[in-house]
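Peer 1: give me coordinates for this.
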Amino acid sequence: MNINFPISYVPLIAFMLLGPSPAAFADDDYMEAKRLLETGQILPLEELLKNLRQTLPGKVLEIELEREDHQIIYEVELLGEDGVIKEVYINARTGKVLSIKEDD
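Peer 2: As a prediction, this is how the structure comes out:
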């Protein structure tokens, strides 16, 4: 099964980094994420979603790019076919799934 996610939203969602005030830093966050992608420090979100679709079917609800424990992490929130919302944490540099948690 494929994850139903409009690919046209990928650039907008993928390049938002969380900060103390996302609205105030949105432009800087976008530029930082773009720089990370262009310098090869993170993988393209499209590539990670393609791999995720193969192992965890569902509908993507939200994607965030965060810095956590000296790593850059994609946090993907998705609604599984079982109706359970899951948070999938993926190392943005390697594409390795770090953890999958059910959302409370």
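
Peer 1: for the rest of this, base every contact and every neighbour count on C-alpha atoms.
Peer 2: Noted.

Peer 1: secondary structure element holding Ala33?
Peer 2: helix 22-38 (DSSP states H and E).

Peer 1: helix or strand for the residue positioned nearest the centre of the chain, which one?
Peer 2: Centroid-nearest residue in the chain: Tyr74, 3.5 Å away (criterion: C-alpha atoms, centre = their mean). Using DSSP H and E, Tyr74 maps to strand 71-80.

Peer 1: same for that strand, what does it pack against?
Peer 2: With contacts defined as 3 or more C-alpha pairs under 8 Å, 6 or more residues apart in numbering; DSSP states H and E, strand 71-80 has these neighbours: strand 58-68, strand 85-91.

Peer 1: that older thread, what is the orientation angle of the helix or strand following the helix holding Ala33 with strand 85-91?
Peer 2: Downstream of helix 22-38, the next assigned helix or strand under DSSP H and E is helix 45-55. Counting by axes from the mean of the first three to the mean of the last three C-alpha atoms, to 10 degrees, helix 45-55 points 130 degrees away from the direction of strand 85-91.

Peer 1: give me the distance between helix 45-55 and the centre of its chain.
Peer 2: Computed by C-alpha atoms, centre = their mean, to the nearest Å, the separation of helix 45-55 from the middle of its chain amounts to 10 Å.

Peer 1: in that helix, what counts as buried?
Peer 2: 45, 48-49, 52-53 (16 or more other C-alpha atoms under 10 Å).

Peer 1: can you redo those residues as JSON lines with distance to Glu64 and pLDDT?
Peer 2: Converted to JSON lines, these look like this (distance: C-alpha to C-alpha, whole Å; pLDDT from 0 to 100):
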{"residue": "Leu45", "distance to Glu64": "10", "pLDDT": "86"}
{"residue": "Leu48", "distance to Glu64": "13", "pLDDT": "90"}
{"residue": "Leu49", "distance to Glu64": "13", "pLDDT": "90"}
{"residue": "Leu52", "distance to Glu64": "15", "pLDDT": "90"}
{"residue": "Arg53", "distance to Glu64": "17", "pLDDT": "86"}
